[in-house]
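Please find the sequence and the predicted model below.
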Amino acid sequence: MTRPPGSSLGAVGLWPPAPLTLARLTARLVRNVMRAERASYGLIQTFATQVFVLLLNMATGIVTARLLGAAGRGEFTAITIWPQLLATIGAIGLPSAIVYQVRRNPAAVDAVIGAAVTVGLVLLMLVYAAGAVLVPLWLGAYDERVRMVAEICVLFSVNHLFTILLRPVLLADRKWSAYNLTQYGPPLLYLALLGLLAAVGKVTAISAAFAILFSGCPFFVWMMAIVLFRGRTVSLRRGRRFLRPLLSYAGRNSPNELIHALFGFLDRLVLVGLLTPAGLGLYAVAYSFSRVLGMIPQSIMAITFPAMSGMSESEVEHLYGHAFRFTLYVSAASTALMLLLKDLLIALAFGPNFAGAGDIFAVLVVEMMVTGLGQTTVQCFLALARPGIVSAAQAVSLASAVALMVTFVPQYGPIAAAASMLAGSVLRLGLLLVGLKLVLRFGLPRLFITRSDIAYAIGKFT
């Protein structure tokens with residue numbers, strides 16, 4: 001074997017190179033995944049992070065439920081739901097708009113961020129005002145201490161709001177490692193704080209609520225430093241020219257994201273007023289446990305949406321087909337396994353006091369699988385600047401779910417809320433697929449994996 005021209009390896013006896021052993025291939029793969037310099041390795045790292053976050057959330061959820069009991073878990077939910085809910089609704093439409101503008105204007109990222117920060121500061125004031133009105137009104141049936149702590153916790157909306165607004169910049173910049181740290185850092189710190197509280201015997205719904213809210217603070221500050229100051233000169237003044245396009249896209253997409261957010265919170269909001277703390281605790285445990293499947297579409301969307309935003313229609317359709325089939329098969333297999341083991345999982349994780357959550361959990365697992373397929377489909381419309389179609393489908397499905405909940409929850413309880421959410425998700429997916437065919441003129445995605453899918457996946461990682 002001859003040495004390649006210009007190579008100096010032969011001079012030091014390193015040619016031919018040593019064969020790649022399994023250990024070296026594994027080390028190379030781990031190194032590439034940790035660096036995440038390519039989108040394919042970013043996907044692996046993001047998926048692994050979602051699995052890790054899932055395990056952390058399961059651990060914290062199990063510990064919290066066992067230490068607080070069903071009633072305490074219900075109070076914990078009533079307190080902690082508000083910062084995330086208010087921030088999510090306040091930022092409606094903006095995360096997708098920021099990713100879209102950053103990808104379309106790579107030379108003006110600083111200006112886009114400046115516009116996002118300007119909008120965020122205004123939204124923060126509105127969020128605080130909404131919290132001051134809604135929290136005492138909605139929690140009127142709860143203990144006065146619970147209401148007071150919930151009102152204080154609204155102040156933490158600033159963390160959630162600016163994380164929602166600026167974390168997409170990390171994706172657009174392909175900073176997968178930084179993005180993933182903001183995902184697993186807070187629950188990891190919360191687990192440590194929860195363990196500390198348990199060690200000193202101070203675990204209550206209120207102390208656990210403050211622990212979970214404080215756990216996100218250091219990672220929020222770190223993320224802000226990276227996005228706003230590392231290698232950037234963000235200026236609110238220069239961001240003015242992006243205010244109109246940012247708000248225009250967000251305004252067209254806001255009905256879609258508002259309804260999607262309400263799908264994520266509506267059931268618990270309705271049940272806060274209809275159920276006892278113990279009943280809400282059962283539902284909250286089943287809901288959080290069923291969100292395990294969410295890691296599949298979330299991991300895929302973290303990679304595919306930024307990529308789709310710069311693609312042509314044919315390229316978007318091609319990528320969507322692969323993403324849909326991958327989401328379908330992985331979600332279906334995971335759903336089947338969870339349904340088979342639901343009673344065992346609930347009993348082992350939460351104990352006999354939460355045995356009543358099994359049927360609720362089963363319905364919500366199927367709902368999460370359908371929701372994941374819908375989230376994957378939504379990306380096509382957003383990437384091609386057609387968010388209005390998504391908003392219409394979301395509005396119809398949300399109205400249907402609300403009508404079913406109002407009709408059946410008073411009589412049948414939390415299982416009716418879970419069934420209503422499932423019905424709404426099925427309707428939404430059906431409407432999105434109709435829009436895919438009639439509006440975007442895409443073919444419906446194939447359901448069966450072929451050699452082209454396998455070749456595509458292999459090509460992304462070789």
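Perfect, thanks for sending it. Numbers count the residues shown, from 1 in each chain.

C-alpha only now, for contacts and for neighbours.
Will do.

My guess is Ala78 contacts Gly273. True?
No: with contact defined as CA atoms under 8 Å, Ala78 does not count as touching Gly273 (10.1 Å).

Can you pull the residues that touch both of those two?
When contacts are counted by CA atoms under 8 Å, 6 or more residues apart in numbering, Ala78 and Gly273 are jointly contacted by Leu139.

ok, those two, which is more surrounded?
Between Ala78 and Gly273, Ala78 has the larger neighbour count (other CA atoms under 10 Å), namely 26 against 15.

Report the separation between that one and Pro187.
For Ala78, the distance to Pro187 (CA to CA, to the nearest Å) stands at 19 Å.

quick one: what helix or strand has the most centrally placed residue in the chain in it?
The chain has Gln298 as the residue nearest its centroid, 5.6 Å off, counting by CA atoms, centre = their mean. Following DSSP states H and E, one finds Gln298 within helix 295-308.

Mind listing what's buried along stretch 342-353?
Buried residues in stretch 342-353, counted by 16 or more other CA atoms under 10 Å: Lys342, Asp343, Leu345, Ile346, Ala347, Ala349, Phe350.

what does that stretch rub up against?
When contacts are defined by CA under 8 Å, 6+ apart, stretch 342-353 is touched by residues Ile62, Ala65, Arg66, Gly69, Ala70, Phe354, Ala355, Ala357, Gly358, Phe361, Ala362.

give me every residue that touches Leu181.
Contacts of Leu181 by CA under 8 Å, 6+ apart are Phe219.

and with 10 Å instead?
Counting by CA atoms under 10 Å, 6 or more residues apart in numbering, Leu181 touches Thr46, Thr49, Phe219, Met223.

my read: the third one touches Leu188, true?
No: under the contact definition of CA atoms under 10 Å, Phe219 does not touch Leu188, with a separation of 11.1 Å.

hey, which helix is longest across this structure?
helix 39-90 (DSSP state H).

roughly how far is that helix from the heart of the chain?
Taking CA atoms, centre = their mean, to the nearest Å, the mean C-alpha location of helix 39-90 is offset from the chain mean by 10 Å.

after that helix comes which helix or strand?
Downstream of helix 39-90, the first helix or strand assigned by DSSP H and E is helix 94-104.

which stretches of the stretch 101-250 of the chain form helices?
In the stretch 101-250 of the chain, the segments counted as helices under DSSP state H, counting those that start in this stretch are 109-138, 144-153, 157-172, 176-199, 205-214, 217-228, 243-274.

Identify each buried residue in the longest one, please.
Yep, that's helix 243-274 we're talking about. 243, 246-247, 249-260, 262-263, 265-272.

quick one: average confidence on it?
Mean pLDDT, helix 243-274: 74.

And that helix, what does it pack against?
helix 39-90, helix 94-104, helix 109-138, helix 277-290, helix 358-383, helix 387-412, helix 414-438 (3 or more CA pairs under 10 Å, 6 or more residues apart in numbering; DSSP states H and E).

And those: which comes nearest His318?
helix 358-383 (10.4 Å; CA to CA).
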